[in-house]
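1. Need a 3D model of the following:
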Amino acid sequence: MPTPLVVTEERRRSRLATSLLLVALAEGALAAVAGTASGLGWERLTDLLVVSNVLIGLALALSGWPIAHQQPRNPVGWYLLSGGVAWASTGAAEAALG
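-> Numbering: from 1, shown residues only. Okay, here's the model as predicted:
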């Protein structure tokens, strides 16, 4: 039986994983809103790699979240999740600044 400290640590890591997933989803939403508001067309947003970066970022984050949430000690989930947040942020920033 795990000690209460280990359970608390795993619960904290699970919450962190969920928070990072929400950040990646918010970046995707920001990219969609900023891309629409910028007046740039779909073709220009694709050329700026906004679409591909956001899609790759969301795919990585959505792939990493279940692993990091269910098995917080497994580094693969954290690598995917953090890579997704970083990748989606490039698309969101390019859409906002584009």
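
2. which regions of this structure sit below the pLDDT cut-off?
-> 1-7 (pLDDT under 70).

3. one more time with 90, if that's ok
-> In the predicted model of the chain, residues 1-11, 39-42, 95-98 satisfy pLDDT under 90.

4. max-length helix in the chain?
-> As assigned by DSSP state H, the longest helix anywhere in the chain is helix 4-38.

5. For the helix or strand following that helix, enumerate the helices and strands it packs against.
-> Per DSSP states H and E, the first helix or strand lying C-terminal to helix 4-38 is helix 42-47. The contact analysis (3 or more CB pairs under 8 Å, 6 or more residues apart in numbering; DSSP states H and E) places helix 42-47 against helix 50-70. C-beta coordinates here come from the backbone N, C-alpha and C atoms, glycine included.

6. What is the helix it packs on packed up against?
-> Using 3+ CB pairs under 8 Å, 6+ apart, helix 50-70 is in contact with helix 4-38, helix 42-47, helix 75-97.

7. which outside residues touch that helix?
-> Contact with helix 50-70 is made by 13-14, 17-18, 20-21, 24-25, 27-28, 31-32, 35, 42, 45-46, 74, 76-92, 94-95, 98, as judged by CB atoms under 8 Å, 6 or more residues apart in numbering.

8. still on that earlier bit, so which of the helices and strands packed on helix 50-70 is the most packed in?
-> Compared across those, helix 75-97 shows the largest average neighbour count, a mean of 19 (mean count of other CB atoms under 10 Å).
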